[in-house]
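Undergrad: this is a predicted model, with the sequence first.
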Amino acid sequence: MATGVDRKAASGTPRLRAPLLQRVWLHRVDYLYVAPALGVMLLVIAYPVYYTITLSFFKTSPSLAMADSAFVGFDNYATVLASDSFRDTTMNTAIWTFFSTLVSFALGFGAALALDREFVGRGVLRGLLLVPYVVSAVAASYVWRWIYHSDYGVIGALATALHLTDRPINFLDNTHTALASLIVVNIWKEFPFAMIMMLAGLQTVPEHLHRAAMVDGAGPWHRFWHVTAPHLRGVSVVTLLLMAVANLNSFTIPWIMTGGGPAGSSDIWITQVYQIAFGRVRFGLASAYSVILFAAMMALGVAYVRALGGAKSARAE
Amino acid sequence: MRLASARRAPFDAWRTTGRILLTLLGLFSGLPMLWMALTSIKTQFAALQYPPEWWPKDPTLDQYAALLNPSGDVGREFLTYLWNSIWICSTTTALGVAVAAPAAYAFSRFSFPGRVWLFYAVLLRNMFPAVVFLMPLFILMRRLHLVNSGWSLVLTYLTFGLPLSIWLLKGFYDNIPVEIEQAARVDGATRFQAFVRVVLPLSAPGIVATAIYSFIVSWNEYVYATTFLNDDDKLTLPAGLQRFFTEYATNWPGLMAASFIMSVPVVAMFLVLQRYFVRALTEGAVKS
């Protein structure tokens, strides 16, 4: 067939280049539509990535002038990877990400399932549940700091009034409770995201399949497991990945509420990098740290793109 | 139907569980916001009571009056932050839509080489840790003499918003039949004219959703604002709140009032246009 011949001819390397350039030239006007977006992205993304990688091989001076920087090879990487604080912070980040993501997802999914039927006040309730997601993380952090306050905090006062403790609890200044307290705030902020994602996913489940299953005598659990769940696989994976990445990148809540303290007990990757870069002004070291995180994030990024592709092809079937 | 049969059941354990979960989540979501509002109408003295006043005994709007009074010290500072936030976020949103709309259109309609790669590059932006960009951008902004200027934030937020804006708008364009444009082309319009006069107006809901989303994201942004801006009169609300907090450390009602004012525009905007907003968030992951 004609197309088969064409494909064979095009697969030879010398002939492939010309058609590509030709196609680019043919579509030259199309690129104009993308050019402004691409220009901004190149300036504010490609350049920073390149610059961070460069900086990570230098010992920088506090003046941030490259002329005062000394090339140190992989020293910065070695320093980061060998430090105790990196290990502790990685542990904290893992705990933070794991629990924030899973609990938020479970709560959000549960809420989505409960909201996926008509009842009076459904819209209002959905709106209320989404409010934490829209409120700025800064405002939320201050509100929760006030709620957790060691002397006048409302949770401590409630616990005392109910005789659960005899004096107010110190949530944030305690190495045992700081990280867990922050995770609660993060869940508060994040479960609505899982909820709307899963609600949107539930909308894609064909109603007729439910009816067919019901005719066959399937109970609610069976219908959920055999009809709903398979349709939600794609959106669940995407949601979990997006939330995991967001949590690995968290900064505002821990930074404002505890600043990583006390004694580093709530320090996670990003708060620590920020401290190294803008507290101790060691950009070289912080850059090496960022590149390490960047690599970890890229792995998740590839998974994200794969999941998107997978979700798409699953739907096409 | 599924709904009808659920109602016919005498006792539906699933439904009851769902109701309980929703009630608890409603309390979990709402109570912190309620406590913020209640604290903001207390006097400083009343806020620091132990055990706390569960309901303010003599509510007062003094904190709000102080924050919004342009002739007072606190008010002048707060209103400056508010104004900075407003102009930075509005500019970002307007520019963002202007840049994203043609790009999304190209991704939706054209098949130029590299299209798929470009598109994933745009999306991958969301995967990078913010700090990767923070340090080099800080240095870049210093070189461009934009440190301490709101424009550094406009430029940064613009790229924040772009990936999702493009992705979302592409979804809206995909739903607009190509035949409509083709009709316009037959009538003598150029491709770009067809885009501006026919496709853009039809995608108005998508543009509104995109605009709200990018406005809310930049309104709430903290990391870049607190790093790029130093002068007190340049700060945005999220960055300024911290200064306000450290300076008036014990004034919790004032801080809660400021947080409340900061939350009102985005929550109101969102509640009014909830449908579009939810669509904006879920479009990417769920749309085929």
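TA: Nice, thanks for sending it over.

Undergrad: does stretch A:149-161 reach chain B?
TA: Yes: residues of stretch A:149-161 contacting chain B under CB under 8 Å from any CB of the partner chain: A:149, A:151-152, A:154, A:157, A:160-161. C-betas here are computed from N, CA, C, even on glycine.

Undergrad: that stretch: which residues count as buried?
TA: For stretch A:149-161, a neighbour-count test (16 or more other CB atoms under 10 Å in any protein chain shown) marks A:149, A:152-157, A:159-160 as buried.

Undergrad: quick one: these as JSON lines, columns for secondary structure too.
TA: Shown next, in JSON lines, are those (DSSP: H, G, I helix; E, B strand; the rest coil):
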{"residue": "A:149", "secondary structure": "coil"}
{"residue": "A:152", "secondary structure": "coil"}
{"residue": "A:153", "secondary structure": "coil"}
{"residue": "A:154", "secondary structure": "helix"}
{"residue": "A:155", "secondary structure": "helix"}
{"residue": "A:156", "secondary structure": "helix"}
{"residue": "A:157", "secondary structure": "helix"}
{"residue": "A:159", "secondary structure": "helix"}
{"residue": "A:160", "secondary structure": "helix"}
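
Undergrad: need those in a markdown table with pLDDT and distance to residue A:301, can you?
TA: Formatted as a markdown table, the buried residues of stretch A:149-161 follow (pLDDT from 0 to 100; distance: CB to CB, whole Å):
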| residue | pLDDT | distance to residue A:301 |
| --- | --- | --- |
| A:149 | 87 | 39 |
| A:152 | 82 | 44 |
| A:153 | 84 | 39 |
| A:154 | 85 | 40 |
| A:155 | 87 | 38 |
| A:156 | 83 | 41 |
| A:157 | 83 | 45 |
| A:159 | 84 | 42 |
| A:160 | 83 | 47 |
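
Undergrad: next, the contact list for the closest residue to residue B:270 other than its chain neighbours, please.
TA: Nearest non-adjacent residue to residue B:270, counting by CB to CB, 6 or more residues apart in numbering or on different chains: residue A:134, 4.7 Å away. By CB atoms under 8 Å, 6 or more residues apart in numbering or on different chains, residue A:134 lies in contact with B:216, B:263, B:266-267, B:270.

Undergrad: so which of those residues comes closest to residue A:256?
TA: Distance to residue A:256 across those (CB to CB) is lowest for residue B:263, with 15.0 Å.

Undergrad: that closest one and chain A: what is the separation?
TA: 5 Å (CB to the nearest CB, to the nearest Å).

Undergrad: element containing that residue?
TA: Using DSSP states H and E, residue B:263 maps to helix B:252-272.

Undergrad: give me the low-pLDDT residue ranges for the stretch 1-150 of chain B?
TA: Where the stretch 1-150 of chain B drops to pLDDT under 70, the residues are B:1-11, B:118-119, B:121-129.

Undergrad: can you give me the helices for it?
TA: For the stretch 1-150 of chain B, the helices defined by DSSP state H, counting those that start in this stretch cover B:2-8, B:13-40, B:44-47, B:62-67, B:73-109, B:115-124, B:130-143, B:150-174.

Undergrad: how many residues are close by residue B:187?
TA: 10 (other CB atoms under 10 Å in any protein chain shown).

Undergrad: and it, what pLDDT?
TA: Per-residue pLDDT puts residue B:187 at 85.

Undergrad: got the helices of the stretch 1-150 of chain B as a markdown table, with mean neighbour count and distance to chain A columns?
TA: A markdown table is the format used below for the helices of the stretch 1-150 of chain B (neighbours: other CB atoms under 10 Å in any protein chain shown; distance: least, CB to the nearest CB, whole Å):
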| stretch | mean neighbour count | distance to chain A |
| --- | --- | --- |
| helix B:2-8 | 11 | 5 |
| helix B:13-40 | 17 | 3 |
| helix B:44-47 | 16 | 7 |
| helix B:62-67 | 18 | 14 |
| helix B:73-109 | 20 | 4 |
| helix B:115-124 | 17 | 5 |
| helix B:130-143 | 22 | 4 |
| helix B:150-174 | 24 | 4 |
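
Undergrad: how far does stretch A:118-132 sit from the chain's center?
TA: Per CA atoms, centre = their mean, to the nearest Å, the displacement of stretch A:118-132 from the mean C-alpha position of its chain is 25 Å.

Undergrad: distance of the residue nearest to residue B:176 when sequence neighbours are not counted relative to residue A:182?
TA: Of all residues not flanking residue B:176 in the chain, residue B:202 sits nearest, at 5.2 Å (CB to CB, 6+ apart). Separation of residue B:202 from residue A:182 (CB to CB, to the nearest Å): 45 Å.

Undergrad: tell me where chain A is predicted with low confidence.
TA: Using pLDDT under 70, the flagged stretches of chain A are A:1-18, A:63-68, A:308-317.

Undergrad: taking it, what residue is nearest to chain B?
TA: At 3.1 Å from chain B, residue A:114 is the closest residue in chain A, using CB to the nearest CB.

Undergrad: quick one on the thing from earlier: which of the helices of the stretch 1-150 of chain B sits closest to residue A:283?
TA: That would be helix B:130-143 among the helices of the stretch 1-150 of chain B, by CB to CB, at 5.4 Å.

Undergrad: may I have that closest one as CSV, with CA atoms only?
TA: Extracted in CSV, the C-alpha atoms of helix B:130-143 (Å, rounded to 0.1, in the frame of the first residue of the first chain):
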residue,chain,number,x,y,z
ALA,B,130,9.3,26.1,43.7
VAL,B,131,12.7,26.5,45.3
VAL,B,132,14.4,25.4,42.1
PHE,B,133,13.1,28.6,40.6
LEU,B,134,13.3,30.8,43.6
MET,B,135,17.1,31.2,43.8
PRO,B,136,17.9,31.8,40.1
LEU,B,137,14.8,33.9,39.7
PHE,B,138,15.9,36.0,42.6
ILE,B,139,19.2,36.5,40.9
LEU,B,140,17.5,37.1,37.6
MET,B,141,15.2,39.7,39.1
ARG,B,142,18.2,41.5,40.7
ARG,B,143,19.8,41.7,37.2
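
Undergrad: now for that helix, which elements pack on it?
TA: Judged by 3 or more CB pairs under 8 Å, 6 or more residues apart in numbering or on different chains; DSSP states H and E, helix B:130-143 is in contact with helix A:47-55, helix A:269-274, helix A:283-316, helix B:150-174, helix B:223-228.

Undergrad: and those: which comes nearest residue B:186?
TA: helix B:150-174 (19.7 Å).

Undergrad: what is the helix or strand following the closest one packed up against?
TA: Using DSSP H and E, the helix or strand that follows helix B:150-174 in sequence is helix B:178-186. Counting contacts by 3+ CB pairs under 8 Å, 6+ apart, helix B:178-186 packs against helix B:191-194.

Undergrad: rewinding a little: next SSE downstream of the helix or strand the residue of chain A closest to chain B falls within?
TA: Using DSSP H and E, residue A:114 sits in helix A:84-115. Sequence-wise, the next helix or strand downstream of helix A:84-115 (DSSP H and E) is helix A:122-134.
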